[in-house]
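Undergrad: sequence unknown, structure follows:
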């Protein structure tokens, strides 16, 4: 697994809230051998990178939209969707 997350260039408060939301789902993702990194937020969209087992998993879209997007959008009113980079 890669150890260095990508550089993030967005508002620090928003990043902190997104990371906190992602921390809620990371244990479930890690239990399947995956990881999710926040990359950036632009125009109401949070971009993440799914790694490890999640990187090539057929269910990654369900995890992204069904779990990650729900948690992030609930935590951050200005985020309307989450997309994978």
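TA: Perfect, I can see it now. Just so it is clear, the model here is predicted, and its values are computed rather than measured.
Undergrad: any idea how far the residue most central in space within the chain is from residue 61?
TA: The C-alpha lying nearest the average C-alpha coordinate of the chain belongs to residue 48 (Cα atoms, centre = their mean; 4.3 Å). Distance from residue 48 to residue 61, counting by Cβ to Cβ, to the nearest Å: 12 Å. C-beta: built from backbone N, CA, C; applies to glycine.
Undergrad: what is in contact with those two at once?
TA: Residues touching both residue 48 and residue 61 by Cβ atoms under 8 Å, 6 or more residues apart in numbering: residue 84.
Undergrad: List the buried residues in stretch 65-83.
TA: By neighbour count on 16 or more other Cβ atoms under 10 Å, the buried set for stretch 65-83 is 67, 68, 69, 71, 72, 73, 76, 79, 82.
Undergrad: The lowest-mean-pLDDT helix or strand in the chain packs against which elements?
TA: The weakest-scoring helix or strand in the chain, judged by mean pLDDT, DSSP states H and E, is helix 60-63 (a mean of 88). In terms of contacts (3 or more Cβ pairs under 8 Å, 6 or more residues apart in numbering; DSSP states H and E), helix 60-63 is packed against no helix or strand at all.
Undergrad: Next secondary structure after that helix?
TA: Counting by DSSP states H and E, the next helix or strand C-terminal to helix 60-63 is helix 69-75.
Undergrad: can you list contacts of that following helix?
TA: Counting by Cβ under 8 Å, 6+ apart, residues outside helix 69-75 touching it are 17, 18, 20, 21, 22, 24, 25, 46, 79, 80, 81, 82.
Undergrad: Good, we can wrap up now.
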